[in-house]
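Participant: this one's sequence-less:
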């Protein structure tokens, strides 16, 4: 049975779109290959989602899923691998070989941490190199570790890691953070944190596991080795595109999907929401906003047969 | 999600007996409740337990309750899937990966 609407991805954007679409009684199905919540599952604590003072990322994820299911959203545990325009809509292919047809599709594919590609980064993945502080932080009790980056995630997770580590080095290529001021204040007041301003990581050194991080000054090129057992990378995100998306949706120079204000992509009937979209701020709060708008716009598209000006 | 009856739960005490002395190859999923990506891999591992029943032992080890074994094998990130054959660790995958990649890992040596 073809659905009217297929939502690809079960993070905050996809779940919100699913909840709105289910409440609108659209025939809708959401595809998620893993567990619902997307990057929320890699987030230790969420403290900036309105109405919720403090909550573990995975808990917020399961609350969002439960709420969407309550309104009748159908979720299939299928990992989407390809998208194609077909007669009267789109086909989404999954890893297991199934094909889902929808007259409209919302791409809530999410984003994933960028790898820097410095020597040792791949070799020591799981041997000290990590992209998930909440997963791997407890392995570094009473040890020294480093966090790479200067945005919200980097600084916030560095503060989180002080629960376990003896000392946390933050390596940042600029001389100031991009993170929200409140997060910066927490980090700068934390005695276990030492910030290495204007430094970039150049190599991860070790034998069986990580033993040191070599950093280089962007000012004078001088290098030093920090004796760390772990290195956590938070240097940005890249979109998680599936095959066929680039052919059907315009993307920006980093590959994020370009939409208009109503989340519509360059092909009618195709929408994008959340971190996969080209936008200025990637947060849970902006993802759920995208999801709600995308579901509303998709409903208009399906009912009107074409996309029209909203509001 | 009911736990598969083919899935073994192992810990520090019985790791040698159940995994190292196993007569068939064994895949161990090192996980913890705090780890989101582990929740992605968990259900896949359960499916594999049924698919490989009798051929490969599929087991889970909670790293929070069992700290000795992860240290012994240098586990510093989870989920980690380690494959053991004849008492030796022969291969591993760190991080949440699609089911196909885990099957490749198993099929390569089993």
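Facilitator: Cool, the structure landed. The structure presented is a predicted model; accordingly, all values stated were derived computationally and were not measured.
Participant: going forward, measure contacts between C-alpha atoms and count neighbours the same way
Facilitator: OK.
Participant: which residues make contact with the longest helix along chain A from outside it?
Facilitator: Secondary structure of chain A per DSSP state H: the longest helix is helix A:284-304. Outside helix A:284-304, the residues that touch it by CA atoms under 8 Å, 6 or more residues apart in numbering or on different chains are A:4-5, A:12-18, A:20-21, A:24, A:26, A:49-50, A:103-106, A:108, A:262-264, A:269, A:271-275, A:306-308, A:310.
Participant: do stretch A:126-135 as well
Facilitator: Residues contacting stretch A:126-135 (CA under 8 Å, 6+ apart): A:42-44, A:113, A:121-122, A:136, A:157, A:160-161, A:208-210, A:229-234, B:32, B:34-37, B:74-78, B:80, B:94-95.
Participant: what does the domain assignment say about chain A?
Facilitator: Split into domains by automatic domain parsing, chain A comes to A:3-113+A:237-304, A:129-233.
Participant: could you work out the end-to-end span of the shortest one for me?
Facilitator: The first and last residues of domain A:129-233 sit 8 Å apart, counting by CA to CA, to the nearest Å.
Participant: how about the first one?
Facilitator: The distance separating the two terminal residues of domain A:3-113+A:237-304, taken as CA to CA, comes to 16 Å.
Participant: next one: stretch A:115-129
Facilitator: 11 Å.
Participant: now do stretch A:227-244
Facilitator: OK, stretch A:227-244 end separation, CA to CA: 45 Å.
Participant: quick one, which of the contacts of stretch A:126-135 are buried?
Facilitator: The neighbour-count criterion (16 or more other CA atoms under 10 Å in any protein chain shown) marks A:42-44, A:113, A:121, A:136, A:157, A:160-161, A:209-210, A:229-234, B:32, B:34-37, B:75-78, B:80, B:94-95 among these as buried.
Participant: may I have the beta-bridge partners of the most centrally placed residue in chain B?
Facilitator: Centroid-nearest residue in chain B, with CA atoms, centre = their mean: residue B:28, separated by 1.6 Å. Beta bridges link residue B:28 to residue B:59, residue B:82, judged by DSSP bridges.
Participant: give the other helices and strands that the longest helix along chain B contacts.
Facilitator: Secondary structure of chain B read by DSSP H shows that its longest helix is helix B:36-51. Applying 3 or more CA pairs under 8 Å, 6 or more residues apart in numbering or on different chains; DSSP states H and E, we find helix B:36-51 packed against strand B:7-10, strand B:57-62.
Participant: would you tell me what the next helix or strand after the longest one is?
Facilitator: From strand B:57-62 onward toward the C-terminus, using DSSP states H and E, the following helix or strand is helix B:68-72.
Participant: in contact with the closest residue in space to residue B:27 that isn't next to it in sequence, which residues?
Facilitator: Nearest non-adjacent residue to residue B:27, counting by CA to CA, 6 or more residues apart in numbering or on different chains: residue B:83, 4.4 Å away. Counting by CA under 8 Å, 6+ apart, residue B:83 touches B:25-28, B:89-92, B:106.
Participant: recalculate using a threshold of 10 Å.
Facilitator: Counting by CA atoms under 10 Å, 6 or more residues apart in numbering or on different chains, residue B:83 makes contact with B:19, B:25-29, B:56-58, B:89-93, B:102, B:105-106, B:109-110.
Participant: what's the answer for residue A:41, then?
Facilitator: A:11, A:35, A:56-62, A:132, A:134-135, B:34-40.
Participant: how near is it to residue A:56?
Facilitator: On the measure of CA to CA, residue A:41 and residue A:56 end up 9 Å apart.
Participant: over to residue A:25: give its phi and psi.
Facilitator: Per-residue torsions, residue A:25: phi 60, psi 30 (degrees, to the nearest 10).
Participant: quick one: name the residues of chain B near chain A.
Facilitator: By CA under 10 Å from any CA of the partner chain, the part of chain B that sits against chain A consists of B:31-44, B:63-64, B:67, B:70-71, B:74-80, B:92-100.
Participant: spatially nearest residue to the residue nearest in space to the middle of chain A (excluding sequence neighbours)?
Facilitator: Nearest to the geometric centre of chain A sits residue A:111, at 4.0 Å (CA atoms, centre = their mean). Of all residues not flanking residue A:111 in the chain, residue A:239 sits nearest, at 4.3 Å (CA to CA, 6+ apart).
Participant: partner strands of the strand or helix carrying residue A:147, with direction?
Facilitator: Assessed by DSSP H and E, residue A:147 sits inside strand A:144-148. Note on strand A:144-148: by DSSP bridges, its sheet partners are strand A:167-172 (parallel), strand A:230-233 (parallel).
Participant: ok, which of the ones you listed comes nearest residue A:72?
Facilitator: When the strands paired with strand A:144-148 are compared for distance to residue A:72 using CA to CA, the nearest one is strand A:230-233, at 38.0 Å.
Participant: following the closest one, which helix or strand comes up?
Facilitator: With DSSP H and E, the next secondary element past strand A:230-233 is strand A:237-239.
Participant: about what we covered before: quick one: the helix or strand following the strand holding residue A:147 to strand A:144-148, angle?
Facilitator: Proceeding N to C from strand A:144-148, the next assigned helix or strand is helix A:152-161, under DSSP H and E. With axes from the mean of the first three to the mean of the last three CA atoms, to 10 degrees applied, the angle from helix A:152-161 to strand A:144-148 works out at 170 degrees.
Participant: which positions in the stretch 201-311 of chain A make contact with chain B?
Facilitator: Checking the stretch 201-311 of chain A against chain B by CA under 10 Å from any CA, the hits are A:208-210, A:229-230.
Participant: same question for stretch B:7-21, mean pLDDT?
Facilitator: The average pLDDT for stretch B:7-21 rounds to 97.
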